[in-house]
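**Student:** 3D, please:
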Amino acid sequence: MSDMKERNETAVSEFILLGFSSLGEKLKTFLFLVLLLTYLITITGNVVIIFIVWVDRHLHSPMYFFIANLSFFETWFTSVTSPKMILNFVSINQNISFHGCMAQSYFCFALGGTEFCLLVVMPFDRFVAICCPLQYATIMKQRLCVQLVLGSWVGSFTVISLQMVLILKLRFCGPNVINHFFCDNSPLFQLSCTDTSGVRRVDSILISTVVLSSLCLTMLSYGSIFFSILRIPTATGRQKAFSTCGSHLTALAIAYGSCIVLYARPSGSFSLDVNKGVALLNTVLYPFLNHFIYSLRNKTVKLALRETFSWSTTKLFPNL
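**Tutor:** Below is the predicted model of the structure:
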């Protein structure tokens, strides 16, 4: 009897991602095209930024090193969820294997944690550059930059690995329908046929700690930058600095705001349908905006793009 119960409790070998299946066909077709185009632009933009930072020696500085790493991260982060979500708009089969679901959940949260660590590192770099310009080269050495990036990746993946160990101990015996476009933890917990109170508590503490602590550190850096900007003597200089910081803060508002709504608030505050809409901001819109906000608005990056494009055109079409 116990053997039969054990087999029933581990019977789920795949899940069904409902995604946005309740929408009408015309709206689903529209969203499919919009999200596919957004994804392709995001991947292309990030790859271009990584390439430009790699080949242009003028961009071999800590700031662009961090921007390139953010672009590399965003490429993988959005690729964890977007291709499957986009495919499900036009596919009859919306299944995902059990192990595929666990892997998607793991990498989504591990890469998400890395993002928040990088969002602490990047304003710290700007804080040192603006508030301690004479010591910038001494402080932000290549070794420290590499250590900060590696620390972000290793720290996040280690913490989420501990979380995933607890999730893998849960048993799923049906139903297997996930009301989401990816394997988020909240709907997974609802499908488990074992007690999830302990795992939910650990999940909430870990995510809230990562999100809120990184938010505080990020705002501390931007606060220091803000007061330094106020001391800039010219109005034009202040306006330019505020414009840059304003765009950065807009991106941060989307990233932190969506995660706080999704994970750092009481369970059940919003329906899963609302959660899906908010999750789109974090997994699709934020990666799409990042390469525009942090890179393509930068004059040095735009100049490097023009020079690289001009050089490539001359090599490929020498007679033009």
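**Student:** which parts of the stretch 1-150 of the chain are strands?
**Tutor:** 14-17, 95-97 (DSSP state E, counting those that start in this stretch).
**Student:** right, so of the ones you listed, which gets closest to residue 180?
**Tutor:** Closest to residue 180 of the strands of the stretch 1-150 of the chain, according to Cβ to Cβ: strand 14-17, at 6.6 Å. Where C-beta positions appear, they are placed from N, C-alpha and C, glycine not excepted.
**Student:** adjacent strands (with direction) for the closest one?
**Tutor:** Strand 14-17 has its sheet partners listed here by DSSP bridges as strand 95-97 (antiparallel), strand 177-178 (parallel).
**Student:** returning to that earlier point: hey, which of the strands of the stretch 1-150 of the chain is tucked in deepest?
**Tutor:** Comparing these by mean neighbour count (mean count of other Cβ atoms under 10 Å), strand 14-17 comes out on top with a mean of 19.
**Student:** show me how far that strand is from its chain's centre.
**Tutor:** When distances are taken as Cα atoms, centre = their mean, to the nearest Å, strand 14-17 is centred 23 Å away from the chain's centroid.
**Student:** residues contacting stretch 70-87, please?
**Tutor:** 17, 19, 32, 35-36, 39, 42-43, 45-47, 49-50, 96, 104, 107-108, 111-112, 114-115, 118, 122, 181-182, 283-284, 287-288, 290-291, 294-295 (Cβ atoms under 8 Å, 6 or more residues apart in numbering).
**Student:** follow-up on the earlier one: out of the strands paired with strand 14-17, nearest to residue 137?
**Tutor:** Using Cβ to Cβ, the nearest of those to residue 137 is strand 95-97, at 48.5 Å.
**Student:** what does the closest one contact?
**Tutor:** Contacts of strand 95-97 (Cβ under 8 Å, 6+ apart): 13, 14, 15, 16, 17, 84, 104, 183.
**Student:** and the two most separated of those residues?
**Tutor:** Greatest spacing in these, by Cβ to Cβ: 13 and 84 (17.3 Å).
**Student:** specify which residue of those two has the higher count of neighbours.
**Tutor:** More crowded of residue 13 and residue 84, by other Cβ atoms under 10 Å: residue 84, with 19 against 11.
**Student:** gap between that one and residue 108?
**Tutor:** Counting by Cβ to Cβ, to the nearest Å, the gap from residue 84 to residue 108 is 11 Å.
**Student:** which intervals of the stretch 101-250 of the chain have sub-threshold pLDDT?
**Tutor:** Low-confidence segments of the stretch 101-250 of the chain (pLDDT under 70): 232-247.
**Student:** quick one, helices of it?
**Tutor:** Ranges of helices within the stretch 101-250 of the chain are 136-139, 142-168, 185-191, 197-230, 235-263, based on DSSP state H, counting those that start in this stretch.
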